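In: Sequence first, then the predicted structure:
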Amino acid sequence: MPEQPGGCCRCCCSFIFTLGLTALFMWLSLRTDNPTCSIQYFYLPILNKTLNTTTNTTLFFQLKLDNGNKDKGIYYDPVNLTFYDNPNRSHVMGNYTIPGFYQGHKKKAKKGGALEVMNKTLVTEAAYSNGTAHFRVDLATAVRFKIMAWKTKRHKLMVGADVEVTDQGNGKVYKKGIKLKSGAPQNKPYCVLLGALVSFLVLVLLDFW
């Protein structure tokens, strides 16, 4: 039986289309999302007017790390937190390090801590006349993703946020906390758009042949 015209082209296009879909599904399954980091609690007793204390310079905080990946765990290197006296990062009030740990997929971890601000002048001078103040928290670490039985290479994670503190010494923490964000541009939407465009072109070729 003679081979029908265009049969070879259809086979080639079908093969290319199958490869494209396979590559797209593999990319989706291997794609990773950085954990979401947020400040859940921030308290400076020295700024609490109701306590009327000038000696307690301890800073209490709680950090939340949320791994939103459905099937990928995260290995954290030591998580380094730096606290500044204002959003411009003029002076460092203190540093705190959370030891490295592993976090399973779709898991949340809350890490609390306290540090002594050695220079209390930095704290008191940061307060405005109405008692409120603005501080800065920066987080720096590196993460590796566990995909099935293997680990990815390390990816740097550097995020931060400004924290407004009331005259009660408490940070204005909202229901979902104060999200620490990165200033780096996000390119993932462009990758998704590119994948969709390639699939569309393959479908057009199939229809043409």
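Out: Perfect, thanks for sending it. Numbering: from 1, shown residues only.

In: pLDDT averaged over the lengthiest strand in the chain, what's the number?
Out: As assigned by DSSP state E, the longest strand anywhere in the chain is strand 133-147. Taken as a whole, strand 133-147 has a mean pLDDT of 95.

In: buried residues in that strand?
Out: Buried residues in strand 133-147, counting neighbours by 16 or more other CB atoms under 10 Å, are found at 133-139, 141-146. For the C-beta atoms, the positions are set from N, CA and C on the backbone; glycine is no exception.

In: Save those as TSV, and put in distance to residue 51 too.
Out: Shown next, in TSV, are the buried residues of strand 133-147 (distance: CB to CB, whole Å):
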residue	distance to residue 51
133	15
134	20
135	18
136	24
137	23
138	28
139	29
141	34
142	39
143	38
144	43
145	44
146	45
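
In: can you tell me how far the residue most central in space within the chain sits from residue 159?
Out: The chain has residue 36 as the residue nearest its centroid, 3.8 Å off, counting by CA atoms, centre = their mean. For residue 36, the distance to residue 159 equals 9 Å [CB to CB, to the nearest Å].

In: ok, now which ones touch residue 50?
Out: residue 168 (CB atoms under 8 Å, 6 or more residues apart in numbering).

In: Doesn't it belong to a strand?
Out: No. Counting by DSSP: H, G, I helix; E, B strand; the rest coil, residue 50 is not part of a strand but coil.

In: Please tell me how far it sits from residue 169.
Out: Taking CB to CB, one finds residue 50 at 9 Å from residue 169.

In: Is residue 121 in a helix, a strand, or coil?
Out: Applying three-state DSSP: residue 121 is helix.

In: Tell me where the protein has strands.
Out: 36-48, 58-66, 72-76, 79-84, 92-98, 101-103, 108-116, 133-147, 150-151, 155-165, 168-170, 178-179.

In: The second one - contacts with which helices or strands?
Out: Secondary structure elements in contact with strand 58-66, counted by 3 or more CB pairs under 8 Å, 6 or more residues apart in numbering; DSSP states H and E, are strand 36-48, strand 79-84, strand 92-98, strand 108-116.

In: low pLDDT regions in this structure?
Out: 1-30, 184-209 (pLDDT under 70).

In: cutoff 50 now
Out: Scanning the chain for pLDDT under 50 picks out 1, 187, 190-191.

In: Residue 113: how many residues sit nearby?
Out: 13 (other CB atoms under 10 Å).

In: Is residue 49 in contact with residue 168, as I believe?
Out: Yes. Taking CB atoms under 8 Å as the definition, residue 49 is a contact partner of residue 168 at 7.1 Å.

In: Which residue of the two possesses the greater neighbour count?
Out: residue 168 (16 against 12).

In: residues touching the more buried one, list them.
Out: Contacts of residue 168 (CB under 8 Å, 6+ apart): 47-50.

In: Also residue 88?
Out: Taking CB under 8 Å, 6+ apart, one finds residue 136 in contact with residue 88.

In: going forward can the numbers begin at 813, since that is how I track them
Out: Okay, residue one is now 813; in that scheme the one you just asked about reads as residue 900.

In: Tell me the spacing between it and residue 945.
Out: When residue 900 is compared with residue 945 (using CB to CB), they lie 13 Å apart.
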